[in-house]
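S.K.: task: produce atomic coordinates for the following.
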Amino acid sequence: MILTVQAHLRSLNPPICTPTNRNIPCEEVDSGKVAMLYVGLYTVALGVGGIKGSLPPHGAEQFDEHTPHGRKQRSAFFNYFVFCLACGALIAVTFVVWIEDNKGWQWGFGIATASILTSIPIFVLGSNSYRIKIPIGSPITTIFKVLTAATYNFCTSRKSNAAIDDVSTTPSTAIEETPTQDLEFLNHALSPNTTETPPPQYLHCTTKQVEEVKSVIKIIPIFMSTIMLNCCLAQLSTFSVQQAATMNTAIGSLRVPPASLPVFPVFFIMVLAPVYNHIMVPYSRKLTNTESGITPLQRIGTGLVLSIVAMAVAALIETKRKHVALKWGLIDSTEPLPITFLWVALQYLFLGSADLFSLAGLMEFFFTEAPFSMRSLATSLSWASLAMGYYLSSVLVDLVNFVTGGFCDTPWLYGANLNHYRLERFYWFMCALSGLNLLHYLFWARRYGYKMLGNDNKKESDETNDLSSSPPEV
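M.R.: Numbers count the residues shown, from 1 in each chain. Model prediction:
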């Protein structure tokens, strides 16, 4: 709404700047207008972060995870959640962009504002039928509490090993309260029975809290392995537009703006999501004779492999594009090359497939493997991976230019125009990094053991459902 108001009122717009001489700088924007713009942008980011972090776990909790049918529906939900994101993106990069270009930015922002306002009462209409998770405290507080308690007890106890053994064998501790030996250092967070300096009361941790933090830490290597994939998504999303701008963008009598290239991965996701859910998954269930057919880790791994293929295809297409420019003597020309931009769409086929497999698999993996009280936090890691991947892409571009500028005449990603870049080398470099990242992922994925639905999670889930509204049959 802030952006809509600013775009609508001319008094809040920046001064019009259309200088014929590029050496003449435009008039600086008033600091108040700049502040209003950033407040609007950061408010949008805050709202999107809250929605994307909470909506997937809320939707997944509507299905009964204690039945095979409910778990299958939950897996399909994550798949179609990505499908719905693609539908929204398709409308944004086509209809809304056309409105902004032809009617004005205020109309584009206004459509987005009206859509969000309309979605609120629609969401509220289902309040009586939602399974609602009752808040039981901050998961971040629990994580820091366990880490702090473990460090404190480890540093103050002279007999830490004996203390942990005593906690595991004390008659007053039930069998189910015995901590596991994974990440044994965290077991120090449990208050020892024999110590000269007992920890403060606020550092008292239960076995359940320690095991929950262990579960979150175990999924972090998987999370880290997906950052490189999102870095590839960022690189292809930026350089591919520049590639298309140098190519023939006409399809018959229609000329497609290069900025509309994101339509291709969005379209591929919209096509692949139903195919995956209604063809690939049922077939894989029959083939493997398992409930899931394709596990979340296998989906993530498939996405990583497809990202490697996407980078390799991008490198080959860039080589072909530069060959055409050299053959026709258009290296220094601004004229479109006699090669269709649809070649770039080929790499988007693998890019969209990688995004579908990895994002849906990540959300399902984090939701199912995280403790019941930390599911929203864990699911949000999917979007944190996306953000970190885009930041890493910027760092890689600067780093590659810095390193290659030392032993080449010019850096790989620098030149008078894109034809002077060594973009194909950069794509092969990204392909190699993605291959190493895949090996890193396989190292952790092969050692990861899926947790079963424990009694604690089941009991906690049942208690939450009893306290919330009665759910619909699913």
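S.K.: all strands of the chain, in order?
M.R.: With DSSP state E, the ranges of strands along the chain come out as 247-248, 250-251, 254-255, 337-340.
S.K.: can you say which of the ones you listed is packed in most?
M.R.: Highest mean neighbour count of these: strand 247-248, a mean of 18 (counted as mean count of other C-beta atoms under 10 Å). Using the backbone N, CA and C atoms, a C-beta is placed for each residue, glycine as well.
S.K.: ok, residues contacting it?
M.R.: R321, P336, L337, P338, I339, T340, F341, W343, V344 (C-beta atoms under 8 Å, 6 or more residues apart in numbering).
S.K.: rewinding a little: in terms of mean pLDDT, which of the strands of the chain ranks lowest?
M.R.: Of all those, the minimum mean pLDDT falls on strand 254-255 (a mean of 83).
S.K.: measure R375 to K133 for me?
M.R.: 8 Å (C-beta to C-beta, to the nearest Å).
S.K.: residues near G435, how many?
M.R.: G435 has 16 neighbours, counted by other C-beta atoms under 10 Å.
S.K.: do you know the pLDDT at it?
M.R.: So, for G435, pLDDT stands at 96.
S.K.: my guess is it contacts S307. True?
M.R.: No - using C-beta atoms under 8 Å, G435 is not in contact with S307; the gap is 10.0 Å.
S.K.: just the helices in the stretch 351-474 of the chain please.
M.R.: Assigned by DSSP state H, counting those that start in this stretch, the helices in the stretch 351-474 of the chain fall at 375-407, 423-447, 455-467.
S.K.: nearest to I217, out of those helices?
M.R.: helix 375-407 (11.1 Å; C-beta to C-beta).
S.K.: turn the helices of the stretch 351-474 of the chain into a markdown table, including distance to A245.
M.R.: Listed next are these as a markdown table, based on distance: least, C-beta to C-beta, whole Å:
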| stretch | distance to A245 |
| --- | --- |
| helix 375-407 | 18 |
| helix 423-447 | 13 |
| helix 455-467 | 52 |
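S.K.: D182 is nearest to which of the ones you listed?
M.R.: helix 423-447 (10.9 Å).
S.K.: before we move on, back to that, nearest to E291, out of the helices of the stretch 351-474 of the chain?
M.R.: Nearest of these (C-beta to C-beta): helix 455-467, 17.1 Å.
S.K.: mean pLDDT lowest where, among the helices of the stretch 351-474 of the chain?
M.R.: Sorting the helices of the stretch 351-474 of the chain by mean pLDDT places helix 455-467 lowest, at a mean of 47.
S.K.: would you enumerate the residues in contact with the residue nearest to Y427 when sequence neighbours are not counted?
M.R.: Spatial nearest neighbour of Y427, chain neighbours left out: A315 (3.7 Å); criterion: C-beta to C-beta, 6 or more residues apart in numbering. Shown here is A315, whose contacts under the criterion C-beta under 8 Å, 6+ apart are E424, Y427, W428, C431.
S.K.: M1 versus the residue nearest to the third one when sequence neighbours are not counted, what's the distance?
M.R.: It refers to W428. Spatially, and ignoring its direct neighbours in sequence, W428 is nearest to A315 (4.9 Å; C-beta to C-beta, 6+ apart). As judged by C-beta to C-beta, A315 and M1 stand 44 Å apart.
S.K.: do the same with V324
M.R.: Distance from V324 to M1, by C-beta to C-beta: 47 Å.
S.K.: G389 reaches M224, doesn't it?
M.R.: No - between G389 and M224 there is no contact under C-beta under 8 Å: 10.8 Å.
S.K.: so these two - more neighbours on which side?
M.R.: G389 (19 against 16).
S.K.: pull the contacting residues for that one.
M.R.: Neighbour list for G389: T226, I227, M228, L229, N230, C231, C232, L233, A234 [criterion: C-beta under 8 Å, 6+ apart].
S.K.: roughly how far apart are the fifth one and Q209?
M.R.: So that's N230. Taking C-beta to C-beta, one finds N230 at 31 Å from Q209.
S.K.: next one: the last one
M.R.: Distance, A234 to Q209, using C-beta to C-beta: 37 Å.
S.K.: then the first one?
M.R.: Going from T226 to Q209 by C-beta to C-beta gives 27 Å.
S.K.: so between the two, which is more surrounded?
M.R.: T226 (27 against 21).
S.K.: residues in contact with that one?
M.R.: Contacts of T226 by C-beta under 8 Å, 6+ apart are I300, G303, L304, S358, L362, S382, S385, G389, Y441.
S.K.: just V344 next, same as before
M.R.: Counting by C-beta under 8 Å, 6+ apart, V344 touches S240, Q243, A244, M247, L261, F264, I317.
S.K.: for these, give me a markdown table that also has distance to P411.
M.R.: Shown next, in a markdown table, are these (distance: C-beta to C-beta, whole Å):
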| residue | distance to P411 |
| --- | --- |
| S240 | 20 |
| Q243 | 18 |
| A244 | 22 |
| M247 | 23 |
| L261 | 25 |
| F264 | 29 |
| I317 | 21 |
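S.K.: confidence-wise, which of these comes last?
M.R.: L261 (83).
S.K.: that one and V241 touch, don't they?
M.R.: Yes - at 5.4 Å, L261 and V241 qualify as touching, with contact defined as C-beta under 8 Å.
S.K.: the two: who's more crowded?
M.R.: More crowded of L261 and V241, by other C-beta under 10 Å: L261, with 22 against 17.
S.K.: run through the residues that contact the more buried one.
M.R.: Counted by C-beta under 8 Å, 6+ apart, L261 has contacts S240, V241, A244, F341, V344, A345, Y348.
S.K.: from G47, how far out is it?
M.R.: Distance, L261 to G47, by C-beta to C-beta: 27 Å.
S.K.: quick one: contacts for L229?
M.R.: Counting by C-beta under 8 Å, 6+ apart, L229 touches G303, L304, S307, A354, S358, S385, G389, S434, N437.
S.K.: correct me, but W412 touches T404?
M.R.: Yes - using C-beta under 8 Å, W412 is in contact with T404, at 4.6 Å.
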